[in-house]
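Participant: Sequence and predicted model, in that order:
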Amino acid sequence: MTTKKKNPQLFRNPVSPISSDGYTPIKERAELAGYWVPEAGPLHGKLVEAFQFVQKSGRGRGGLRTVFVFDLAEPCVARVKGAGPGETDNLEARELCGVIASFGLMHLVQYGGCFVKIARGPKKTLGNGNEAWSYDLSFKGTPKPLDVRPPITAAPMNGTTPAGTDEDVGDELPF
(Lines give C-alpha, C1' and ligand atoms only; values in the text may rest on other atoms or scores of the structure.)
Protein backbone atom coordinates (compact mmCIF):
# COMPACT_ATOMS: atom_id res chain seq x y z
CA MET A 1 0.00 0.00 0.00
CA THR A 2 1.42 3.36 -1.01
CA THR A 3 0.63 6.65 0.58
CA LYS A 4 0.64 9.99 -1.12
CA LYS A 5 3.01 12.58 0.22
CA LYS A 6 1.37 15.88 0.97
CA ASN A 7 3.04 19.06 -0.11
CA PRO A 8 4.55 20.85 2.89
CA GLN A 9 2.35 23.62 4.21
CA LEU A 10 3.86 26.87 5.35
CA PHE A 11 2.71 28.03 8.75
CA ARG A 12 0.33 30.92 8.35
CA ASN A 13 -1.09 32.57 11.42
CA PRO A 14 -4.63 33.70 10.56
CA VAL A 15 -4.63 36.14 13.48
CA SER A 16 -1.71 38.54 13.35
CA PRO A 17 -0.11 39.26 16.73
CA ILE A 18 0.33 42.90 15.64
CA SER A 19 -2.52 45.27 14.93
CA SER A 20 -2.38 46.60 11.35
CA ASP A 21 -4.94 49.37 11.85
CA GLY A 22 -3.84 52.48 9.99
CA TYR A 23 -0.90 50.75 8.29
CA THR A 24 -0.48 50.19 4.57
CA PRO A 25 0.59 46.64 3.69
CA ILE A 26 4.06 46.32 2.18
CA LYS A 27 4.02 44.89 -1.34
CA GLU A 28 6.55 42.45 -2.76
CA ARG A 29 7.70 44.93 -5.40
CA ALA A 30 7.22 48.63 -5.92
CA GLU A 31 4.18 49.50 -8.03
CA LEU A 32 5.55 51.44 -10.97
CA ALA A 33 3.50 54.17 -12.62
CA GLY A 34 5.25 53.54 -15.94
CA TYR A 35 8.48 52.87 -17.84
CA TRP A 36 10.70 55.66 -19.16
CA VAL A 37 10.68 56.30 -22.92
CA PRO A 38 14.27 57.45 -23.70
CA GLU A 39 13.49 58.98 -27.10
CA ALA A 40 10.85 61.28 -25.55
CA GLY A 41 13.21 63.18 -23.26
CA PRO A 42 15.38 63.00 -20.15
CA LEU A 43 14.64 61.47 -16.76
CA HIS A 44 15.55 63.03 -13.40
CA GLY A 45 14.89 61.25 -10.13
CA LYS A 46 16.22 59.46 -7.08
CA LEU A 47 17.43 55.90 -7.75
CA VAL A 48 15.70 53.81 -5.07
CA GLU A 49 15.72 50.15 -6.16
CA ALA A 50 16.70 47.62 -8.82
CA PHE A 51 15.23 44.21 -9.64
CA GLN A 52 15.54 41.56 -12.33
CA PHE A 53 12.83 39.81 -14.30
CA VAL A 54 12.73 37.04 -16.89
CA GLN A 55 11.73 38.46 -20.26
CA LYS A 56 8.72 36.46 -21.49
CA SER A 57 8.36 37.96 -24.99
CA GLY A 58 10.23 39.78 -27.72
CA ARG A 59 13.71 39.27 -29.12
CA GLY A 60 15.37 38.55 -25.76
CA ARG A 61 12.78 35.95 -24.68
CA GLY A 62 13.97 34.00 -21.67
CA GLY A 63 16.78 36.43 -20.88
CA LEU A 64 17.27 38.19 -17.59
CA ARG A 65 16.62 41.96 -17.65
CA THR A 66 17.20 44.58 -14.96
CA VAL A 67 14.82 47.42 -14.06
CA PHE A 68 15.96 50.46 -12.09
CA VAL A 69 13.25 52.20 -10.05
CA PHE A 70 13.33 56.01 -9.82
CA ASP A 71 11.30 58.30 -7.57
CA LEU A 72 10.85 61.14 -10.07
CA ALA A 73 12.08 64.64 -9.21
CA GLU A 74 10.65 66.10 -12.44
CA PRO A 75 7.90 64.98 -14.83
CA CYS A 76 8.90 62.62 -17.66
CA VAL A 77 7.29 60.77 -20.55
CA ALA A 78 6.66 57.08 -19.93
CA ARG A 79 4.82 54.06 -21.24
CA VAL A 80 1.94 53.59 -18.80
CA LYS A 81 -0.55 50.88 -17.98
CA GLY A 82 -3.97 51.46 -19.51
CA ALA A 83 -2.83 53.68 -22.39
CA GLY A 84 -2.93 51.54 -25.54
CA PRO A 85 0.04 49.64 -26.93
CA GLY A 86 2.91 51.98 -27.71
CA GLU A 87 1.10 54.95 -26.18
CA THR A 88 2.78 57.22 -23.67
CA ASP A 89 1.75 59.66 -20.98
CA ASN A 90 3.41 62.13 -18.63
CA LEU A 91 4.37 60.96 -15.15
CA GLU A 92 4.49 63.62 -12.46
CA ALA A 93 7.16 64.22 -9.82
CA ARG A 94 7.09 61.72 -6.90
CA GLU A 95 5.73 58.88 -9.04
CA LEU A 96 7.80 55.71 -9.43
CA CYS A 97 9.20 55.15 -12.91
CA GLY A 98 11.05 52.08 -14.17
CA VAL A 99 14.09 52.25 -16.43
CA ILE A 100 14.83 49.04 -18.30
CA ALA A 101 18.60 48.66 -18.27
CA SER A 102 20.71 48.43 -21.38
CA PHE A 103 24.48 48.15 -21.70
CA GLY A 104 24.90 51.90 -21.27
CA LEU A 105 22.93 51.97 -18.02
CA MET A 106 24.15 48.92 -16.09
CA HIS A 107 26.64 50.89 -14.00
CA LEU A 108 23.70 52.70 -12.36
CA VAL A 109 23.92 50.01 -9.64
CA GLN A 110 26.71 52.12 -8.10
CA TYR A 111 24.48 55.17 -7.54
CA GLY A 112 21.78 53.97 -5.14
CA GLY A 113 20.15 56.77 -3.15
CA CYS A 114 21.49 59.48 -5.50
CA PHE A 115 19.56 61.86 -7.69
CA VAL A 116 20.40 60.88 -11.26
CA LYS A 117 19.80 62.62 -14.59
CA ILE A 118 19.66 60.42 -17.70
CA ALA A 119 19.39 61.56 -21.30
CA ARG A 120 19.81 59.39 -24.35
CA GLY A 121 22.75 60.43 -26.50
CA PRO A 122 23.65 59.47 -30.07
CA LYS A 123 24.21 55.93 -31.34
CA LYS A 124 27.80 54.77 -31.37
CA THR A 125 29.47 51.91 -33.20
CA LEU A 126 30.98 49.25 -30.97
CA GLY A 127 34.22 47.39 -31.67
CA ASN A 128 32.26 44.42 -33.07
CA GLY A 129 30.48 46.63 -35.64
CA ASN A 130 27.11 46.72 -33.83
CA GLU A 131 25.47 50.00 -32.92
CA ALA A 132 24.30 50.91 -29.40
CA TRP A 133 22.72 53.98 -27.81
CA SER A 134 24.89 56.08 -25.55
CA TYR A 135 23.53 57.82 -22.44
CA ASP A 136 24.53 61.07 -20.74
CA LEU A 137 24.47 60.45 -16.99
CA SER A 138 25.10 62.68 -14.00
CA PHE A 139 24.40 62.24 -10.29
CA LYS A 140 24.15 64.23 -7.09
CA GLY A 141 24.54 62.77 -3.62
CA THR A 142 26.53 60.10 -1.86
CA PRO A 143 26.44 56.91 -3.94
CA LYS A 144 25.97 53.48 -2.40
CA PRO A 145 25.75 50.17 -4.29
CA LEU A 146 22.25 48.84 -4.95
CA ASP A 147 21.35 45.24 -4.25
CA VAL A 148 19.71 44.03 -7.46
CA ARG A 149 16.92 41.65 -6.45
CA PRO A 150 16.84 38.44 -8.48
CA PRO A 151 13.59 37.31 -10.14
CA ILE A 152 10.97 35.84 -7.86
CA THR A 153 10.34 32.27 -8.96
CA ALA A 154 8.09 29.57 -7.59
CA ALA A 155 9.67 26.18 -7.05
CA PRO A 156 7.80 23.24 -8.61
CA MET A 157 5.53 21.64 -6.05
CA ASN A 158 6.15 18.03 -7.03
CA GLY A 159 9.46 18.36 -8.87
CA THR A 160 8.00 17.38 -12.25
CA THR A 161 8.26 20.79 -13.93
CA PRO A 162 11.78 21.36 -15.27
CA ALA A 163 13.29 24.79 -14.71
CA GLY A 164 13.24 27.19 -17.64
CA THR A 165 9.82 26.20 -18.98
CA ASP A 166 6.97 28.60 -19.69
CA GLU A 167 5.34 27.43 -16.46
CA ASP A 168 7.95 29.26 -14.38
CA VAL A 169 6.45 32.13 -12.47
CA GLY A 170 8.83 35.09 -12.38
CA ASP A 171 8.79 38.85 -12.16
CA GLU A 172 7.15 40.17 -15.30
CA LEU A 173 6.54 43.65 -16.52
CA PRO A 174 2.88 44.46 -15.81
CA PHE A 175 2.48 46.04 -19.27
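Facilitator: Perfect, thanks for sending it.
Participant: Tell me which strands whichever helix or strand residue 48 is part of pairs with, and in which orientation.
Facilitator: Residue 48 belongs to strand 43-54 when assigned by DSSP states H and E. Strand pairing for strand 43-54, determined by DSSP bridges: strand 64-72 (antiparallel), strand 115-125 (antiparallel), strand 148-149 (parallel).
Participant: Below-threshold pLDDT in this structure: ranges please.
Facilitator: Along the chain, the model assigns pLDDT under 70 to residues 1-21, 23-30, 60, 83, 153-175.
Participant: and if we set it to 50?
Facilitator: Low-confidence segments of the chain, defined by pLDDT under 50: 1, 3-17, 154-171, 174-175.
Participant: For it, which segments count as strands?
Facilitator: 34-36, 43-54, 64-72, 76-80, 88-91, 96-100, 115-125, 131-140, 148-149 (DSSP state E).
Participant: Can you name the residues bridging to the residue nearest to residue 105 when sequence neighbours are not counted?
Facilitator: Sequence neighbours aside, residue 135 is the residue nearest to residue 105 in space, at 5.9 Å (criterion: Cβ to Cβ, 6 or more residues apart in numbering). To be clear about C-beta, it is placed using only N, CA and C from the backbone, and glycine gets the same treatment. Under DSSP bridges, the beta-bridge partners of residue 135 are residue 120.
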